[in-house]
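Visitor: coords below, sequence missing:
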């Protein structure tokens, strides 16, 4: 792994550690929803799953966007 790859991975590691320390706030993660997601999903396992899904979606979107840039 190169130095730049390590630098790219560090923000995700820091974000993950901060989320573990303070817990996952689903209302912050999904602000477009009009109801209290933390009350709807009180289980920490479910919160973590939703957090990981959101993070994976972001990573997939970045990957797809990079494919479009390379095609041009």
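Guide: All right, it came through fine. Note that this is a predicted model, so its numbers are computed, not measured. Numbers count the residues shown, from 1 in each chain.
Visitor: the helix-or-strand element of the chain with minimal mean pLDDT: what's the following helix or strand?
Guide: When each helix and strand of the chain is scored by mean pLDDT, DSSP states H and E, helix 3-22 comes last, with a mean of 54. Following helix 3-22 in sequence order, the next helix or strand is helix 26-29 (DSSP states H and E).
Visitor: buried ones in whatever helix or strand comes next after that next one?
Guide: Later in the chain than helix 26-29, the nearest helix or strand by DSSP H and E is helix 37-40. By neighbour count on 16 or more other CB atoms under 10 Å, the buried set for helix 37-40 is residue 37. Every residue, glycine included, has its C-beta placed from N, CA and C.
Visitor: quick one: mean pLDDT for helix 37-40?
Guide: Averaged across helix 37-40, pLDDT comes to 92.
Visitor: show me what that helix is packed up against.
Guide: helix 26-29 (3 or more CB pairs under 8 Å, 6 or more residues apart in numbering; DSSP states H and E).
Visitor: what packs against the helix it packs on?
Guide: Partner elements for helix 26-29 (3+ CB pairs under 8 Å, 6+ apart): helix 37-40, helix 44-71.
Visitor: switch the cut-off to 6 Å
Guide: helix 37-40 (3 or more CB pairs under 6 Å, 6 or more residues apart in numbering; DSSP states H and E).
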